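**Student:** predicted coordinates and the sequence they were generated for:
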Amino acid sequence: MTIRATVWNEYHHEQTNRTVADIYPDGIHGTIAAALQAAGIEAATATLPEPEHGLTEERLAQTDVLLWWGHARHGDVDDAIAQRVAEAVWAGMGLIVLHSGHFSKPFKKLMGTPCNLTWREAGERERIWLTAPNHPIAAGVPNPFVLENEEMYGEPFGIPEPEQTVFVSWFQGGEVFRSGACWTRGAGKVFYFRPGHETYPTYHDANVLKVIANAVEWAYNPAARIADPNAAPNVPVESAPEKIERRGKGLHAEGEEGFR
């Protein structure tokens with residue numbers, strides 16, 4: 001079955017900054033979507049200016065894996081849409097969070113932590129090391145690979161301890177960072193991948209695009225999709241797997257009584 005991905009981008013810098021527009025004339029979302037299409041993944045796009053940010057209930061229901069890039073306009077994302085994304089992940093949709101998406105509302109909601117870090121924009125060299133070379137996300141990626149110009153992100157990184165750290169980065173200025181991290185949230189898989197500052201051609205790098213395509217395949221888990229991640233159904237006594245008898249009074253069975 002073909003994987004259906006949606007690449008979401010706030011689509012701000014490409015329209016306000018000439019450097020970014022020259023590097024990504026089709027938008028960051030368009031560049032990533034084209035690379036996914038070339039890798040055999042069905043990829044659509046959605047952006048912040050669209051109605052409901054392009055993330056309607058229908059779109060998310062048709063998305064196996066959502067990729068998220070944001071930077072300057074995290075606060076403009078509607079809280080209800082962020083909740084909708086989180087619930088889709090809980091229900092089994094995969095989520096790939098890219099670069100400054102670490103501060104996005106959906107990611108922070110799913111992590112339950114500040115997701116803060118240290119940073120520096122100096123176009124310095126980033127050396128990305130594989131800490132889990134046998135992980136599916138690392139398949140076919142050299143160890144290490146280098147980006148000659150990137151924004152530095154440094155520890156401490158205010159995230160919950162990853163279930164697996166696939167990559168760590170070293171920067172020319174000396175800092176290190178957990179740059180590829182995996183979690184499970186509800187029925188969904190989440191992967192954070194650090195590289196991708198908009199003023200550098202990071203999303204034209206073959207190794208970066210390979211990691212992203214691998215991550216989409218890793219996060220794809222159609223068997224995990226459930227209808228309502230918030231459901232908490234009651235199992236009646238007569239439906240229990242083993243025979244039991246009700247003992248004592250139960251609040252739900254008896255109803256609340258006045259207390260004196």
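**Tutor:** That came through, no problem. Numbers count the residues shown, from 1 in each chain.
**Student:** how about the helices in the stretch 51-200 of the chain?
**Tutor:** In the stretch 51-200 of the chain, the helices defined using DSSP state H, counting those that start in this stretch lie at 57-61, 79-90, 105-111.
**Student:** most tightly packed of those helices?
**Tutor:** Among the helices of the stretch 51-200 of the chain, helix 105-111 has the highest mean neighbour count (mean count of other CB atoms under 10 Å), at a mean of 21. For every residue, glycine as well, the C-beta is placed using N, CA and C.
**Student:** export the helices of the stretch 51-200 of the chain to CSV and tack on distance to residue 241 and mean pLDDT?
**Tutor:** As requested, the helices of the stretch 51-200 of the chain are arranged in CSV below (distance: least, CB to CB, whole Å; pLDDT from 0 to 100):
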stretch, distance to residue 241, mean pLDDT
helix 57-61, 31, 97
helix 79-90, 25, 98
helix 105-111, 32, 98
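**Student:** how about CSV for those helices, with distance to residue 44 added?
**Tutor:** Below are these laid out as CSV (distance: least, CB to CB, whole Å):
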stretch, distance to residue 44
helix 57-61, 8
helix 79-90, 15
helix 105-111, 18
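**Student:** of all those, which one is nearest residue 41?
**Tutor:** helix 57-61 (16.3 Å; CB to CB).
**Student:** check contacts around the spatially closest residue to residue 197 that is not a sequence neighbour.
**Tutor:** If the residues on either side of it in the chain are set aside, residue 197 comes closest to residue 151, at 3.8 Å by CB to CB, 6 or more residues apart in numbering. By CB atoms under 8 Å, 6 or more residues apart in numbering, the contact set of residue 151 is 119-123, 197, 200.
**Student:** now list the buried members of those residues.
**Tutor:** Buried members of those, counted by 16 or more other CB atoms under 10 Å: 197, 200.
**Student:** quick one: strands adjacent to whichever strand in the chain runs longest?
**Tutor:** Looking across the chain with DSSP state E, the single longest strand is strand 118-130. Its sheet considered, strand 118-130 pairs with strand 145-154 (antiparallel), strand 164-171 (antiparallel) by DSSP bridges.
**Student:** cool, thanks, talk later.
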